[in-house]
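Enquirer: here's a sequence, model it:
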Amino acid sequence: MLTSSLPVRFRRVAVRLVVAALAAISLTASVRSQQKPRFYSDDPITREPESQDASKARVYEIQQMYEMVYNLFVNPSYKPSGLRAKNLNTIDEVPDSSWFTNRIGTTPIALDAIARGPIVGAPPDPSRWVLIREKTAGVHPGFTAKDAKGETWFLQFDPPTNPEGATAAVVVATKIFWALGYNQVESYLTTFDPKNVEIDPKATVKRPSGKRTPFTHDDINAILERVARNADGTYRVIAGRLIPGYLGNFLFERTRTDDPNDLVPHEHRRELRALRVFGAWTNLTDLKAANTLDALATVNGRTIVKHYLQDVGSTFGMCNDFHEWDLSWEHFYQGDATLKRFFSFGFALSPWQTVPYQEYRSIGKFEGDVFDPRTWRPQTPTTAYLELRDDDAFWAARRVAAFTDELIRAAVHTGQFSDPAAEKLLGDVLIKRRNKIASIYLTGLNPVVNPQLDAGGRLTVENAAVIAGVAKAPSAYRAAWFLFDNATGETKPLSETQSAAATIAAPSGLPSAAGSMIAIDIAADSAEHPVWKQPVRTYFRRTATGWTLVGLERLPERVPAGKTDASPAR
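Expert: Numbers count the residues shown, from 1 in each chain. Predicted structure coming up:
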C-alpha cells in the first residue's frame, strides 16, 4: 500500500533495491553454504591418509655428489618460507604415517622396549656366512651376506682406530631414532669368523674401473686388513636386516612423483625438519638422501611406500674420522669459516679446536659442555634442515626431553661396550645435550601443552618447560575466551580469566549445546621468559559429556622468513 502511493520512478528504485538486497542475501547464503568448516568431525586425525595404491613406484637413487654440491653451494642462498609444516593435524601434532610413528612423548616407553627398539625378528645365525657382494653404503667397510638360515644381511665392521665404536653407534642410535618415531632397520651385534665364510659363486665386486668381477678371498682379506679384529681372530660386526621392496632413497625436499600418497613437500614435513634437533642431540652429521631408504610395503592389503632412516651410524663420536675434528661444528665447506682461517693464515681458532674432549676409542669425540644445538651443523645443510621453525624445534625438544636418564642409559647399554667408563660417558653426554636442547627450545615459545576443559568449565594446562625442569612456573596463566563459529571462522569475545595455578576457571556464558565451539587464547606471565605472553590459541568442541580439544596454534601459519631462535648463530 505504501509503495503504490509513491511516484513511479521511486517505486522502480525501491523494487531494484529489494531485488538487489534479496540477491545479496542469496549470494551470501550460497557462499556461506559453500564455505568449508574450519574443523571436521574427525579432527584431530591421528593417522595421515594414505589411501592410494603405490605399487607402480620404481627405484629412484640419488647421486651423492650432486646432492652434496647442491646442498653446499646452492642451499646457503635458500630463503626459508617461514611456513608452518604441512603434515600436521589440527592440534599441531604429527599424525602417524609411512614416515613416522608417535612413540616417546606420546606413549610411555619401558626400558625393555627401548632396548629392543625396531627388532621384531630373530637375530642372524653367524655359524655360516655366504658373501654375495661388497657393502655399497656407508663409510665403514663391510659385506652383503647370507647367514646360516639363508637370510640376507648387511655387515659392517669397526675401524681399527675405534674398536666397538662404529658398531655400537649404529645399534644405540637405531634404538633412539626408533623411540623418536622413525622407521629403522633391524640391527644386531654379532660376530664374523673368517673360518665360517664362503663366497657365493655368483658374487661380484665393483672394481675402480666400474666393472664388476668375481669376488675372491683376496677381496675379503683386503677388507679385513682395514678393520678391528678381536683377540681370538673373529670380528665384531653390526648386521642390518635386508628390507624387501627396495625403491632407492628419498630427498629432503619436494615429493616423490611416482608415489600418489606423497603429497606434502618433504621440506614441509615436521619430522624431517625436526632431524635438525634430533641430529644435534645425537650428532647425526651425515644427513643425506643416501642414508635414507624407500621400500614398498603392504599395509591393510594396500601397497604403499615406506620411508626409512636406514643409516644413523654417523652419530655420537663416530661422526668424525680419526683425523677429523670439525664435523658437527662446520659444514664440509663453509665460506665464512674457511675465509677466516685463510686470511689469518690459520691463526684464527675455530670453536672445535679448543673443545676439551674426554675421549675413549669406542666413543670418539663427543661432548656436552660446549654444545649448542643452534650452532650444530651437519656435513651439508638439507632444505628441510633450513626450514625448521621454532614450533618445529619445540615439538622435537619435547620428545628429546621425554627421554629419562634411565631410558638413555638403557639405549646406550645395548652398544655392549667392554669399558663401563666409555658406556657411562656416552650416557652422560647425551643427558647433557638433552638438557641443553630442552632449556633452549622449550623456553623459546609459550610452552603451554595438553590443554583440557572439563564439563564444569575448568581449564587445565601443562607447561613443557616446567615439566622438563628447565624453567620455573609462571606467576600466572591468563585465558581469553571466545565464542567460535566453525562455519565462518568468526569469533566473539566472552571474557578473560586468570589464575596463579595451572587450572583456570571459565567465565559464565559458555555454550552448552553439543557441537558448539569456543576458542581460548592461553598465555603465561614469566619475568624470565617474556615471550610466554604470546598466547597459544586453542579450540574446543562441546560434546554430550564435556569439551574436546580440536585445534591448537602455537605460531601463525607464516612467520617472517629469516633468523629464528631455532636458527644457527652465524
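
Enquirer: buried set for stretch 438-450?
Expert: Neighbour counts over stretch 438-450 (16 or more other CB atoms under 10 Å) mark 438, 439, 440, 441, 442, 443, 444, 445, 446, 447, 448, 449 as buried. In short, each C-beta sits where N, CA and C put it, glycine included.

Enquirer: secondary structure class for the last one?
Expert: So that's residue 449. What DSSP: H, G, I helix; E, B strand; the rest coil gives for residue 449 is strand.

Enquirer: correct me, but it touches residue 465?
Expert: No. Under the criterion of CB atoms under 8 Å, residue 449 makes no contact with residue 465, lying 9.5 Å away.

Enquirer: residue ranges with poor pLDDT in the stretch 1-150 of the chain?
Expert: Flagging of the stretch 1-150 of the chain using pLDDT under 70 yields the residue ranges 1-34, 136-139.

Enquirer: how about the strands in it?
Expert: 129-134, 142-146 (DSSP state E, counting those that start in this stretch).

Enquirer: contacting residues for the residue lying closest to residue 269 once chain neighbours are set aside?
Expert: Nearest residue to residue 269, sequence neighbours excluded (CB to CB, 6 or more residues apart in numbering): residue 87, at 5.0 Å. Under the criterion of CB atoms under 8 Å, 6 or more residues apart in numbering, the neighbours of residue 87 are 48, 94, 95, 97, 264, 268, 269, 270, 271.

Enquirer: who wins for most neighbours among these?
Expert: With neighbours set by other CB atoms under 10 Å, the maximum within these is found at residue 269, which has 27 neighbours.

Enquirer: pretty sure it is touching residue 85, no?
Expert: Yes. Residue 269 lies in contact with residue 85 (CB under 8 Å); the separation is 6.5 Å.

Enquirer: count of neighbours near residue 233?
Expert: As a burial measure, residue 233 scores 9 neighbours (other CB under 10 Å).

Enquirer: could you do the one 10 residues further on as well?
Expert: Applying other CB under 10 Å, we find 20 residues neighbouring residue 243.

Enquirer: which ones are touching it?
Expert: Contacts for residue 243 were tallied using CB under 8 Å, 6+ apart; they are 185, 293, 295, 308, 310.

Enquirer: try it again at 10 Å.
Expert: Applying CB atoms under 10 Å, 6 or more residues apart in numbering to residue 243 gives the contacts 152, 154, 183, 185-186, 293-297, 306, 308, 310.

Enquirer: could you find the closest non-adjacent residue to residue 197?
Expert: Using CB to CB, 6+ apart and skipping the chain neighbours, the partner closest in space to residue 197 is residue 129 (4.9 Å).

Enquirer: you'd agree that neighbour is up against residue 146?
Expert: Yes. The criterion here is CB atoms under 10 Å, and residue 129 meets it with residue 146 at 7.3 Å.

Enquirer: ok, the two, which is more surrounded?
Expert: Set side by side, residue 129 and residue 146 show more neighbours around residue 129, with 26 against 19, by other CB under 10 Å.

Enquirer: which residues does the more buried one contact?
Expert: Residue 129 makes contact with 143, 145-148, 153, 155, 190-194, 196-199, 237, 239 under the criterion CB under 10 Å, 6+ apart.

Enquirer: narrow those to those in strands?
Expert: 143, 145-146, 153, 155, 190-192, 197-199, 237, 239 (DSSP state E).

Enquirer: list just the nearest of those to residue 166.
Expert: Nearest to residue 166, judged by CB to CB, of those is residue 237 at 9.8 Å.

Enquirer: where in the stretch 251-400 of the chain is pLDDT low?
Expert: 320-323.

Enquirer: and the gap between residue 559 and residue 339?
Expert: Using CB to CB, to the nearest Å, residue 559 is found at 31 Å from residue 339.

Enquirer: higher neighbour count, those two?
Expert: More crowded of residue 559 and residue 339, by other CB under 10 Å: residue 559, with 16 against 11.

Enquirer: shared neighbours of residue 449 and residue 465, anything?
Expert: 394, 398, 442.
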